[in-house]
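1. Okay, sequence plus prediction incoming.
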Amino acid sequence: MEVILKEINRDNWEKCIELQVEENQRKFVASNSYSLLESKYEDYCYPMGIYDGETMVGFLMYSFDNDTNNWWMCRLMTDKQYQGKGYGRKAIGLLIDLLKKEKGNIRLYTSFEPENAVADKLYESIGFRKTGEIAWGEVVMEIQL
C-alpha cells in the first residue's frame, strides 16, 4: 500500500466524483461533487484525492476558517470498494504530517454525525479528542499537531 494525497485538478476531478460510499453512509458525508463545487466558491478549501499508487481510492478536503482562525478536515470518504483497508487512517496521517510541516504547532479540527460510530472510533484512535461542541449538528473533535 503506497498511500499519497494528490490535489484534485482538471486531470482527476471526474474520477473523484465517481467515488461512492455505501447507500447507508450517504447521510454522513457530502457528495464529492458538492465538495468540489464548495472548494471553487469558498475560500481556503483544499480538495485532495487519496491514492494507492495510481488508483484514487478516496477523497479528503481540508480548509481554513477565517472566523475562528482554525484548520479543519472537513471531508473524508473512502470509496465503498476500498473501505476497511486503512486508507482513511493513512490519509489523516498524511494530512497531519502536511499541516505540521507547513503550519507548525496548530490544532486540527474535524466533525462527524453523532450516528457515525466508525468515524468516532477512527478519529479517537488517531488522537482526536471531543471538544464538547456541536457544530452543524455534528460532534466536533480536535487534535494538537
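-> Received, thanks. Numbers count the residues shown, from 1 in each chain.
2. Need the phi and psi values for the nearest residue to Leu5 once chain neighbours are set aside.
-> Spatial nearest neighbour of Leu5, excluding adjacent residues (Cβ to Cβ, 6 or more residues apart in numbering): Met48 at 4.3 Å. C-beta coordinates here come from the backbone N, C-alpha and C atoms, glycine included. Phi and psi for Met48, reported as degrees, to the nearest 10, are phi -130, psi 140.
3. Give me the distance from the longest helix seen in the chain to the chain's centre.
-> Longest helix in the chain by number of residues (criterion: DSSP state H): helix 87-103. Distance, stretch centre to chain centre, for helix 87-103: 10 Å (Cα atoms, centre = their mean, to the nearest Å).
4. Can you list the buried residues in it?
-> 87-88, 90-92, 94-96, 99 (16 or more other Cβ atoms under 10 Å).
5. What pLDDT is listed against the residue nearest to Leu5?
-> With respect to pLDDT, Met48 has a value of 99.
6. From Leu76, how far off is it?
-> To Leu76, Met48 is 10 Å away according to Cβ to Cβ, to the nearest Å.
7. Hmm, Glu22 is touching Asp79, no?
-> No. Between Glu22 and Asp79 no contact is recorded; they are 9.9 Å apart, counting by Cβ atoms under 8 Å.
8. doesn't Met56 make contact with the residue nearest to Leu5?
-> No. If you go by Cβ under 8 Å, Met48 and Met56 don't touch, sitting 10.1 Å apart.
9. which residues do these two both contact?
-> Residues touching both Met48 and Met56 (Cβ atoms under 8 Å, 6 or more residues apart in numbering) are Lys6.
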